[in-house]
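In: Let me see the structure of the following:
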Amino acid sequence: MSRVAIIGSCITRDLWPILGLEVSNLLYVSRTSLASLFAAPIGPVETGEAPPAALRPGQHRALVADLTKTALAALVDHRPSHIIFDFIDERFDLLAAGPGLATHSWELEASGYLAQPVLAARRSIPRLSPACDLLWRDGLEELAAFVGATPLREARLVLHEAQWATGHRTAGGGRARFPDAITLMEARTASLAAHNALLARYQAAFLTRFPQAAAVAAPRQRIADAGHRWGLSPFHYVDDYYREIWRRLAALGV
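Out: Model prediction:
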(Lines give C-alpha, C1' and ligand atoms only; values in the text may rest on other atoms or scores of the structure.)
Protein backbone atom coordinates (compact mmCIF):
# COMPACT_ATOMS: atom_id res chain seq x y z
CA MET A 1 0.00 0.00 0.00
CA SER A 2 1.26 3.47 -0.87
CA ARG A 3 2.24 6.00 1.78
CA VAL A 4 1.77 9.42 0.22
CA ALA A 5 3.25 12.75 1.26
CA ILE A 6 2.12 16.00 -0.33
CA ILE A 7 4.26 19.10 -0.33
CA GLY A 8 1.83 21.46 -1.94
CA SER A 9 -1.69 22.73 -1.71
CA CYS A 10 -5.36 21.79 -1.61
CA ILE A 11 -5.36 21.09 -5.35
CA THR A 12 -3.63 17.81 -4.53
CA ARG A 13 -5.06 17.23 -1.05
CA ASP A 14 -8.62 17.72 -2.36
CA LEU A 15 -8.34 14.72 -4.68
CA TRP A 16 -9.42 12.37 -1.89
CA PRO A 17 -12.53 14.15 -0.51
CA ILE A 18 -13.75 15.45 -3.88
CA LEU A 19 -13.60 11.98 -5.42
CA GLY A 20 -15.00 10.30 -2.31
CA LEU A 21 -11.83 8.31 -1.65
CA GLU A 22 -10.63 7.00 1.70
CA VAL A 23 -7.63 8.82 3.13
CA SER A 24 -4.94 6.75 4.83
CA ASN A 25 -1.17 6.97 5.23
CA LEU A 26 -1.17 10.58 4.03
CA LEU A 27 1.08 13.42 5.18
CA TYR A 28 0.09 16.88 3.99
CA VAL A 29 2.57 19.79 4.13
CA SER A 30 1.02 23.05 2.96
CA ARG A 31 1.22 26.83 3.23
CA THR A 32 4.95 26.75 2.78
CA SER A 33 7.52 27.36 0.05
CA LEU A 34 10.68 25.52 -0.90
CA ALA A 35 12.41 28.70 0.24
CA SER A 36 10.68 28.70 3.64
CA LEU A 37 10.84 24.93 4.11
CA PHE A 38 14.64 24.95 4.34
CA ALA A 39 15.08 28.30 6.10
CA ALA A 40 15.78 29.03 9.74
CA PRO A 41 12.65 29.08 11.94
CA ILE A 42 10.87 32.25 12.93
CA GLY A 43 11.09 32.49 16.64
CA PRO A 44 10.27 32.57 19.28
CA VAL A 45 6.59 32.86 18.25
CA GLU A 46 3.99 32.11 20.90
CA THR A 47 1.53 29.89 19.06
CA GLY A 48 -0.33 28.12 21.86
CA GLU A 49 -1.90 24.68 21.67
CA ALA A 50 -5.36 25.79 20.52
CA PRO A 51 -5.66 27.53 17.14
CA PRO A 52 -6.74 31.18 16.98
CA ALA A 53 -10.46 31.62 16.46
CA ALA A 54 -10.06 32.43 12.75
CA LEU A 55 -8.24 29.17 11.91
CA ARG A 56 -9.22 25.53 11.72
CA PRO A 57 -6.88 23.05 13.46
CA GLY A 58 -5.38 21.87 10.15
CA GLN A 59 -4.71 25.43 9.03
CA HIS A 60 -3.03 26.18 12.35
CA ARG A 61 -0.87 23.06 12.19
CA ALA A 62 0.35 24.02 8.71
CA LEU A 63 1.14 27.57 9.88
CA VAL A 64 3.02 26.41 12.97
CA ALA A 65 5.00 23.90 10.91
CA ASP A 66 6.06 26.68 8.53
CA LEU A 67 7.11 28.96 11.38
CA THR A 68 8.95 26.30 13.40
CA LYS A 69 10.27 24.16 10.48
CA THR A 70 9.03 20.79 11.71
CA ALA A 71 7.82 19.53 8.32
CA LEU A 72 11.11 17.99 7.18
CA ALA A 73 11.43 15.74 10.22
CA ALA A 74 7.79 14.69 9.82
CA LEU A 75 8.43 13.91 6.17
CA VAL A 76 11.35 11.61 6.94
CA ASP A 77 9.42 9.93 9.77
CA HIS A 78 6.49 9.29 7.42
CA ARG A 79 8.68 7.17 5.08
CA PRO A 80 6.53 7.91 2.03
CA SER A 81 6.42 5.68 -1.01
CA HIS A 82 5.39 8.72 -3.10
CA ILE A 83 6.00 12.44 -2.60
CA ILE A 84 3.70 14.67 -4.65
CA PHE A 85 4.77 18.27 -5.18
CA ASP A 86 2.58 21.08 -6.42
CA PHE A 87 3.54 24.72 -6.37
CA ILE A 88 0.18 26.49 -6.10
CA ASP A 89 1.02 27.69 -2.57
CA GLU A 90 4.10 29.36 -4.04
CA ARG A 91 1.85 32.36 -4.74
CA PHE A 92 2.45 34.01 -1.37
CA ASP A 93 5.16 36.53 -0.58
CA LEU A 94 7.85 35.58 1.93
CA LEU A 95 8.60 37.28 5.24
CA ALA A 96 12.10 37.61 6.66
CA ALA A 97 12.54 38.17 10.40
CA GLY A 98 16.10 37.97 11.66
CA PRO A 99 17.63 34.81 10.18
CA GLY A 100 14.19 33.22 9.79
CA LEU A 101 11.90 33.03 6.80
CA ALA A 102 8.17 32.29 6.59
CA THR A 103 5.39 32.17 4.03
CA HIS A 104 3.13 35.22 4.23
CA SER A 105 -0.08 33.23 3.94
CA TRP A 106 -3.64 34.20 4.75
CA GLU A 107 -3.35 31.94 7.78
CA LEU A 108 -0.42 33.96 9.11
CA GLU A 109 -2.40 37.17 8.64
CA ALA A 110 -5.49 35.73 10.35
CA SER A 111 -3.57 34.19 13.26
CA GLY A 112 -2.63 37.51 14.85
CA TYR A 113 0.97 36.32 15.21
CA LEU A 114 2.26 39.18 13.08
CA ALA A 115 1.69 41.44 16.10
CA GLN A 116 4.28 39.55 18.15
CA PRO A 117 7.64 41.27 18.79
CA VAL A 118 9.70 38.78 16.77
CA LEU A 119 7.79 39.76 13.63
CA ALA A 120 7.60 43.49 14.34
CA ALA A 121 10.67 44.24 12.20
CA ARG A 122 9.75 41.80 9.44
CA ARG A 123 10.74 42.44 5.86
CA SER A 124 8.58 41.44 2.92
CA ILE A 125 10.06 39.60 -0.06
CA PRO A 126 7.58 39.85 -2.95
CA ARG A 127 6.90 36.54 -4.68
CA LEU A 128 7.68 37.85 -8.17
CA SER A 129 10.93 39.53 -7.14
CA PRO A 130 14.43 38.35 -8.13
CA ALA A 131 15.25 37.92 -4.43
CA CYS A 132 12.37 35.48 -3.95
CA ASP A 133 13.37 33.60 -7.09
CA LEU A 134 16.91 33.18 -5.76
CA LEU A 135 15.64 31.96 -2.38
CA TRP A 136 13.31 29.46 -4.06
CA ARG A 137 16.10 28.07 -6.26
CA ASP A 138 18.33 27.76 -3.20
CA GLY A 139 15.49 25.81 -1.60
CA LEU A 140 15.31 23.53 -4.62
CA GLU A 141 19.01 22.72 -4.23
CA GLU A 142 18.48 22.11 -0.52
CA LEU A 143 15.62 19.77 -1.37
CA ALA A 144 17.81 17.77 -3.76
CA ALA A 145 20.51 17.38 -1.11
CA PHE A 146 17.95 16.50 1.56
CA VAL A 147 16.24 13.84 -0.54
CA GLY A 148 19.57 12.32 -1.49
CA ALA A 149 20.80 12.16 2.10
CA THR A 150 17.67 10.61 3.68
CA PRO A 151 15.39 7.60 3.11
CA LEU A 152 13.32 9.92 0.91
CA ARG A 153 15.63 8.94 -1.94
CA GLU A 154 13.63 5.69 -2.12
CA ALA A 155 10.32 7.53 -2.69
CA ARG A 156 8.75 8.06 -6.09
CA LEU A 157 8.74 11.79 -6.78
CA VAL A 158 5.73 13.21 -8.60
CA LEU A 159 5.19 16.76 -9.85
CA HIS A 160 1.57 17.86 -10.15
CA GLU A 161 1.93 20.44 -12.90
CA ALA A 162 -0.80 22.92 -12.05
CA GLN A 163 -1.62 26.36 -13.36
CA TRP A 164 -4.16 28.99 -12.47
CA ALA A 165 -7.24 28.46 -14.63
CA THR A 166 -7.98 31.30 -17.03
CA GLY A 167 -11.70 30.52 -17.17
CA HIS A 168 -14.40 29.17 -14.89
CA ARG A 169 -17.76 27.50 -14.88
CA THR A 170 -20.39 29.83 -13.44
CA ALA A 171 -23.06 28.93 -10.91
CA GLY A 172 -25.54 28.76 -13.78
CA GLY A 173 -23.40 26.34 -15.77
CA GLY A 174 -22.03 28.89 -18.23
CA ARG A 175 -18.43 29.89 -18.86
CA ALA A 176 -16.59 33.10 -18.02
CA ARG A 177 -12.99 34.28 -17.99
CA PHE A 178 -11.05 35.55 -15.03
CA PRO A 179 -9.51 39.02 -15.16
CA ASP A 180 -5.73 39.11 -15.03
CA ALA A 181 -5.75 40.85 -11.62
CA ILE A 182 -6.79 38.26 -9.02
CA THR A 183 -7.39 39.02 -5.34
CA LEU A 184 -5.18 36.76 -3.22
CA MET A 185 -5.94 38.30 0.15
CA GLU A 186 -7.66 41.47 1.26
CA ALA A 187 -6.08 44.49 -0.50
CA ARG A 188 -3.55 42.25 -2.25
CA THR A 189 -3.84 41.32 -5.92
CA ALA A 190 -1.73 39.22 -8.24
CA SER A 191 -1.38 38.86 -12.00
CA LEU A 192 -2.76 35.54 -13.24
CA ALA A 193 -0.46 35.57 -16.26
CA ALA A 194 2.63 36.43 -14.21
CA HIS A 195 1.96 33.66 -11.70
CA ASN A 196 1.35 31.10 -14.41
CA ALA A 197 4.67 32.07 -15.96
CA LEU A 198 6.29 31.70 -12.54
CA LEU A 199 4.76 28.25 -12.08
CA ALA A 200 6.04 27.19 -15.48
CA ARG A 201 9.58 28.27 -14.51
CA TYR A 202 9.38 26.52 -11.13
CA GLN A 203 8.11 23.31 -12.70
CA ALA A 204 10.79 23.30 -15.39
CA ALA A 205 13.49 23.90 -12.78
CA PHE A 206 12.14 21.08 -10.60
CA LEU A 207 12.11 18.57 -13.46
CA THR A 208 15.61 19.60 -14.49
CA ARG A 209 16.84 19.04 -10.93
CA PHE A 210 14.85 15.80 -10.53
CA PRO A 211 14.81 14.16 -13.98
CA GLN A 212 13.61 10.94 -12.37
CA ALA A 213 10.35 12.59 -11.24
CA ALA A 214 7.08 11.78 -12.96
CA ALA A 215 4.86 14.69 -14.03
CA VAL A 216 1.05 14.65 -14.08
CA ALA A 217 -1.16 17.34 -15.59
CA ALA A 218 -4.70 17.83 -16.90
CA PRO A 219 -4.60 21.01 -18.99
CA ARG A 220 -7.82 20.29 -20.91
CA GLN A 221 -9.77 19.96 -17.65
CA ARG A 222 -8.14 22.98 -16.01
CA ILE A 223 -11.35 24.96 -15.52
CA ALA A 224 -12.31 26.64 -12.25
CA ASP A 225 -15.70 25.97 -10.70
CA ALA A 226 -17.96 28.46 -8.94
CA GLY A 227 -19.53 25.49 -7.13
CA HIS A 228 -16.24 24.25 -5.65
CA ARG A 229 -16.29 23.33 -1.96
CA TRP A 230 -13.84 26.16 -1.20
CA GLY A 231 -15.47 28.74 -3.49
CA LEU A 232 -14.45 30.28 -6.79
CA SER A 233 -10.71 30.63 -7.36
CA PRO A 234 -8.39 30.06 -10.33
CA PHE A 235 -7.04 26.96 -8.56
CA HIS A 236 -10.35 25.43 -7.42
CA TYR A 237 -11.21 23.24 -10.39
CA VAL A 238 -14.15 21.30 -11.80
CA ASP A 239 -14.43 17.67 -10.69
CA ASP A 240 -13.23 16.36 -14.07
CA TYR A 241 -9.83 17.89 -13.35
CA TYR A 242 -9.43 15.88 -10.15
CA ARG A 243 -10.64 12.70 -11.84
CA GLU A 244 -8.00 13.02 -14.55
CA ILE A 245 -5.19 13.81 -12.12
CA TRP A 246 -6.21 10.85 -9.97
CA ARG A 247 -6.21 8.56 -13.00
CA ARG A 248 -2.64 9.61 -13.76
CA LEU A 249 -1.53 9.24 -10.14
CA ALA A 250 -3.11 5.81 -9.88
CA ALA A 251 -1.04 4.70 -12.86
CA LEU A 252 2.04 5.62 -10.79
CA GLY A 253 0.92 3.45 -7.89
CA VAL A 254 -0.50 6.17 -5.66
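In: Could you pull out the strands in this protein for me?
Out: Counting by DSSP state E, the chain has these strands, from start to end: 4-8, 26-30, 82-85, 94-97, 100-103, 123-125, 156-160, 167-169, 175-177, 181-185, 188-191, 214-216, 224-225.
In: Quick one: distance of the second one to the chain centre.
Out: Right, the one you point to is strand 26-30. Here strand 26-30 is found 10 Å from its chain centre; the criterion is C-alpha atoms, centre = their mean, to the nearest Å.
In: Next: the fourth one.
Out: Mean-position distance between strand 94-97 and its chain equals 17 Å (C-alpha atoms, centre = their mean).
In: Kindly provide the whole-number mean pLDDT of that strand.
Out: For strand 94-97, mean pLDDT is 96.
In: Same question for the last one.
Out: What strand 224-225 shows for mean pLDDT is 98.
In: So which elements touch that strand?
Out: In terms of contacts (3 or more C-beta pairs under 8 Å, 6 or more residues apart in numbering; DSSP states H and E), strand 224-225 is packed against strand 167-169. C-beta here means a position set from N, CA and C on the backbone, and glycine is covered the same way.
In: same thing but 6 Å
Out: Strand 224-225 sits against no helix or strand, with contacts defined as 3 or more C-beta pairs under 6 Å, 6 or more residues apart in numbering; DSSP states H and E.
In: tally of neighbours for the closest residue to Arg220 other than its chain neighbours?
Out: Leaving aside its chain neighbours, Arg220 sits nearest to Glu244 (7.9 Å; criterion: C-beta to C-beta, 6 or more residues apart in numbering). Residues within reach of Glu244, counting by other C-beta atoms under 10 Å, total 18.
In: Could you do Pro130 as well?
Out: 8.
In: Got the confidence number for it?
Out: The model's pLDDT for Pro130 equals 98.
In: do the same with Arg209
Out: At Arg209, pLDDT is 98.
In: Equivalent analysis for Ser191, please.
Out: Ser191 is given a pLDDT of 97.
In: likewise Val23?
Out: The model reports Val23 with a pLDDT of 85.
In: For burial, what's the neighbour tally of it?
Out: Using other C-beta under 10 Å, Val23 is surrounded by 11 other residues.
In: Number the residues from 54 up from this point.
Out: Right, with 54 as the first residue, what we last looked at is Val76.
In: buried set for stretch 250-257?
Out: Leu251, Leu252, Tyr255, Gln256 (16 or more other C-beta atoms under 10 Å).
In: Kindly report the same for stretch 285-303.
Out: The neighbour-count check on stretch 285-303 (16+ other C-beta under 10 Å) flags 285-291, 294-295, 297-299, 301-302 as buried.
In: Could you export those residues to CSV, including columns for distance to Ala270 and pLDDT?
Out: What follows is those, written out as CSV (distance: C-beta to C-beta, whole Å; pLDDT from 0 to 100):
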residue, distance to Ala270, pLDDT
Leu285, 22, 96
Ser286, 19, 96
Pro287, 16, 97
Phe288, 14, 96
His289, 17, 98
Tyr290, 12, 98
Val291, 15, 98
Tyr294, 10, 98
Tyr295, 13, 98
Glu297, 9, 98
Ile298, 8, 98
Trp299, 13, 98
Arg301, 8, 98
Leu302, 11, 98
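In: Name the nearest of these relative to Asp142.
Out: Phe288 (9.4 Å; C-beta to C-beta).
In: That closest one - nearest residue in space that isn't next to it in sequence?
Out: Ile141 (5.0 Å).
In: pLDDT wise, what is the one you found at?
Out: On the pLDDT scale, Ile141 is placed at 98.
In: for Ala88, same thing?
Out: Reported pLDDT at Ala88 in the predicted model: 98.
In: which residues touch it?
Out: Leu147, Leu188, Trp189, Gly192 (C-beta atoms under 6 Å, 6 or more residues apart in numbering).
In: Now Ser164: closest residue in space, sequence neighbours ignored.
Out: Nearest in space to Ser164, with sequence neighbours left out and distances taken as C-beta to C-beta, 6+ apart, is Pro105 at 5.0 Å.
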